[in-house]
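Asker: with the input below, show me the fold.
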Amino acid sequence: MIGTWHAIVATKIAKLKITFNIEATKGEYSLSAGVESFPVTLQFDHVAVEGTCLRASGKAKSLQEGNTSLELIFSKNAFTGTLSLPTFGTLVLVGEQGAGASLADLLEQKLVKYRKTEVTERTEENIAAAVEHLLGRLSLQEKVGQMSQCLASDFSFGEAVESEVPEKLVAEGKAGSILGAFDINRVFELQRIAVEESPHNIPLFFNADVIHGHQTIFPVPLAWSCKLGHRRNPASVCDCGERSFRRRHHL
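Answerer: Modelled structure (predicted):
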């Protein structure tokens, strides 16, 4: 079991690729792990090996902080097991030896058939006419749907949200924008449904709350108005907004 192993698991929040690196020195095992597509930090303090089974426990941090526990059972070139994480719950793992391809590379392979090389550029007049034609085909209910937003999953920071699943809302044209699509694979799948299965094949907007910068320490806009208000330091307000946009835009 010494070496690098990986597993890909689909969760309600995001598709995760978890890579484990197992080392042994003088009979003592150590374990490190990395997670792709979602900010999850794993630190295993206790690692025990018995036969082909590895058990570990420690701390994890994602949207929430808490304890984590891991159990992996190895065969020659593969493993199965479970990983308990805050926010995500208990994940069932089926993986194999090696680092494997990144989720981004796997998605690139899916996108090959969607890429178009011969696209005719439209004029502003062509676009305006197409928009007016599309609006004329939409019913009032469908227009309301385009102005409606839904979550990318049933995950909630507060109480449970009663709603139809986003796949159904998008396919029926009842949502025009998505909030909380934490990984690009989720973005791709919902966008695919919108342009292939919804009544008018209208692409989705994907949104995120970036009210204080994306993983930065800017204050929220209320504080801007008090301390950095337009009469005191308008340049600082503009700078915060531009930096927040650029940071989020590149993700």
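Asker: so where is this structure shaky, pLDDT-wise?
Answerer: When residues are selected by pLDDT under 70, those of the chain lie in 155-159, 161, 210-233, 247-251.
Asker: let's go with 50 and repeat that
Answerer: 249-251 (pLDDT under 50).
Asker: packing partners for the helix or strand hosting Val187?
Answerer: If you go by DSSP states H and E, Val187 is part of helix 184-197. The contact analysis (3 or more Cβ pairs under 8 Å, 6 or more residues apart in numbering; DSSP states H and E) places helix 184-197 against helix 103-111, helix 166-171. In short, each C-beta sits where N, CA and C put it, glycine included.
Asker: and the next element down the chain from the longest one?
Answerer: Remark: after helix 103-111, the chain's next helix or strand is helix 124-137, criterion DSSP H and E.
Asker: name the residues that touch that following helix?
Answerer: Here helix 124-137 makes contact (Cβ atoms under 8 Å, 6 or more residues apart in numbering) with 122, 143, 200, 202.
Asker: what's the closest of those to Ile18?
Answerer: Nearest to Ile18 among the contacts of helix 124-137: Ile202, at 35.2 Å, using Cβ to Cβ.
Asker: in the longest helix anywhere in the chain, what's buried?
Answerer: Counting by DSSP state H, the longest helix found in the chain is helix 234-249. For helix 234-249, burial by neighbour count (16 or more other Cβ atoms under 10 Å) applies to 237, 240, 244.
Asker: identify, from those, the entry nearest to Ala56.
Answerer: Ser244 (37.6 Å).
Asker: and the gap between the closest one and Leu63?
Answerer: Ser244 sits 20 Å away from Leu63, going by Cβ to Cβ, to the nearest Å.
Asker: same check, this time on Gly95
Answerer: Gly95 is 24 Å from Leu63, by Cβ to Cβ.
Asker: over to Gly27?
Answerer: Note on Gly27: its distance to Leu63, by Cβ to Cβ, is 37 Å.
Asker: these two: who's more crowded?
Answerer: Of the pair Gly27 and Leu63, Leu63 is the one with more neighbours under other Cβ atoms under 10 Å, namely 14 against 6.
Asker: which SS class is the more buried one?
Answerer: At Leu63 the chain is in coil, as set by DSSP: H, G, I helix; E, B strand; the rest coil.
Asker: partner strands of the next helix or strand after the helix holding Val187, with direction?
Answerer: Next along the chain after helix 184-197, taking DSSP H and E as the criterion, comes strand 205-207. Applying DSSP bridges, strand 205-207 is found paired with strand 177-179 (parallel).
Asker: in the partner strand, what's buried?
Answerer: For strand 177-179, the neighbour count (16+ other Cβ under 10 Å) marks Ile178 as buried.
Asker: quick one on the thing from earlier: let me have the buried residues of helix 234-249 in TSV, extended by distance to Leu31.
Answerer: Below are the buried residues of helix 234-249 laid out as TSV (distance: Cβ to Cβ, whole Å):
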residue	distance to Leu31
Val237	46
Cys240	40
Ser244	36
